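Here's a sequence, model it:
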Amino acid sequence: MKRTIPFIALVLVTLISSCSSKKEEKTNTVDSAILVQVASPSSNNSKELNLSGQIESSQSVNISTRMMGFITSINVKVGDHVSKGQLLVSISNDDIKAKRAQTDAMISEAEAAFNNAKKDQERFNNLYKQQSASAKEMDNINFQYNSAKSRLESAKQMRNEVSAMMSYAQLSAPFSGVVTQKMLEAGSMASPGMPILTIEQSGVLQVSVSVPENSIQQIQLGSNATVQIQSVEKIFQSTVSQINPSSQFTGGQFIVKIKIPELAQKGLYSGMYANISIPLKNATATTVSNADAVLVPLSAIEYKNQLTGLYTVSSNNRALLRWVRLGKTYGSNVEVLSGLEKNENFIIKSEGKLFNGASVKTK
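Have a look, this model is predicted:
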């Protein structure tokens, strides 16, 4: 009996300690819950056209040649700033030099024949005036003179042709800009029309966007546009500077150019993607692109490998990572094509690091 009493006391102490530990654990779990803010998806009911575009230079040119030959030197590299008239590429032109030497020899021969025919014409002209030469002889002399003159002119035109070909052996910059691409290296064979370098005019950038045919009538030259460059976190106001009136070779899309103000060009490069919002005049449900789209903030999207998702809250207050499929971007929002219902809440902000299964508490 004496041994039983200590045993019962030990069991009671253990039970009390266990209950206290569970209460403490529950309290710690509640206290460690991450505070989050939830929201519901919005719809694209704004009367504006939201598009994606790409920054490009207002003037870009491919440097190529009309002659075939080995490239002896390329004097620039990608990223170099070049000035108008600066020598960029030299191409082997030994065969053109040989043709020019031939034409120079032909010109020398033709000039000698022409000078001789000219002297004969002057001599026979005097004899004809003195009636010492017949009309037939005078006609023959004039024919020889005209033939020599034509051969000389033909030789000079051949030299002009060779000189024109020689100019394609030394390729210069047509305007001041930046080298953005280099397709060939020294020692490669250059072919007529094959691009060697690409030069873009520096300091003059614009945004090129494709507008669907059901909205192009709502856009006019000078229309206001809001441009957002997410990669550099830059937003600025601009205007439509050009509208392509044909969509024949663009799959039914009309190309619209939006100029970038000079002060906003700092830190921007060709190829960057941009989101553009253009207010529409007399916009209706049929002119606004995808008015019933389910939109969520881009800041709420989680990126893991090649998957995209967002966090929702379960019935027991746990963060659940929901994988979703995204569509078009509309300013600071993105369209959710699948994985989230229109009236389903999701987490837009948290005061701690979220992970799948984390305990959360809504504000």
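
element containing the nearest residue to S73 once chain neighbours are set aside, please.
Spatial nearest neighbour of S73, chain neighbours left out: S90 (4.6 Å); criterion: C-beta to C-beta, 6 or more residues apart in numbering. Heads up, the C-betas are built off the backbone N, CA and C, glycines and all. For S90, the enclosing helix or strand under DSSP states H and E is strand 87-91.

I'd like to check what contacts that strand. Which residues are they?
63, 65, 67, 69-76, 82, 168-173, 190, 196-197 (C-beta atoms under 8 Å, 6 or more residues apart in numbering).

buried set for stretch 335-355?
For stretch 335-355, a neighbour-count test (16 or more other C-beta atoms under 10 Å) marks 335-336, 339-340, 346-348, 350, 354 as buried.

meant to ask about stretch 168-177
So for stretch 168-177, counting by 16+ other C-beta under 10 Å, buried means 168-169, 171, 173, 177.

for the stretch 251-363 of the chain, what spans make up the helices?
With DSSP state H, counting those that start in this stretch, there are no helices along the stretch 251-363 of the chain.

Revised request: answer the last question for the stretch 51-200 of the chain.
94-129, 135-167.

As JSON lines, those helices with distance to Q253 and mean neighbour count would be great.
JSON lines is the format used below for those (distance: least, C-beta to C-beta, whole Å; neighbours: other C-beta atoms under 10 Å):
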{"stretch": "helix 94-129", "distance to Q253": "45", "mean neighbour count": "15"}
{"stretch": "helix 135-167", "distance to Q253": "39", "mean neighbour count": "14"}
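
export the ones you listed to CSV and tack on distance to S359 and mean pLDDT?
Putting those into CSV (distance: least, C-beta to C-beta, whole Å; pLDDT from 0 to 100) gives the following:
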stretch, distance to S359, mean pLDDT
helix 94-129, 79, 88
helix 135-167, 75, 89
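
CA atoms only for the strand holding S90 - export them in PDB, please.
Provided in PDB are the C-alpha atoms of strand 87-91 (Å, rounded to 0.1, in the frame of the first residue of the first chain):
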ATOM      1  CA  LEU A  87      34.800  52.500 -90.600                       C
ATOM      2  CA  LEU A  88      33.200  49.300 -89.300                       C
ATOM      3  CA  VAL A  89      34.100  46.300 -91.600                       C
ATOM      4  CA  SER A  90      36.800  45.700 -94.300                       C
ATOM      5  CA  ILE A  91      36.300  43.000 -96.900                       C
END
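
what lines up beside that strand in the sheet?
If you go by DSSP bridges, strand 87-91 pairs up with strand 69-74 (antiparallel), strand 170-172 (antiparallel).

Please identify which of the ones you listed is closest to G222.
strand 170-172 (37.0 Å; C-beta to C-beta).

and that closest one, how far out from the chain's middle?
In terms of C-alpha atoms, centre = their mean, to the nearest Å, the centre of strand 170-172 is found 26 Å from the chain centre.

tell me the domain ranges of this structure?
The chain breaks down into these domains under automatic domain parsing: 29-44+292-362, 48-58+204-279, 60-92+169-200, 94-167.

Narrow the contacts of strand 87-91 to those that are buried.
63, 65, 67, 69, 71, 74, 76, 82, 168-169, 171, 173, 190, 196-197.

Among the residues you listed, which one lies nearest to K304?
Distances from K304 to those, taken by C-beta to C-beta, are shortest for L197, at 40.1 Å.

among the strands paired with strand 87-91, which is nearest V256?
Among the strands paired with strand 87-91, the nearest to V256 by C-beta to C-beta is strand 170-172 (33.4 Å).

which outside residues touch the closest one?
Against strand 170-172 from outside (C-beta under 8 Å, 6+ apart): 63, 65, 85-91, 196.

Kindly give a single PyMOL line that selects the buried subset of those.
To isolate the buried members of the contacts of strand 170-172 in PyMOL, using 16+ other C-beta under 10 Å:
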select buried, resi 63+65+88+89+90+91+196
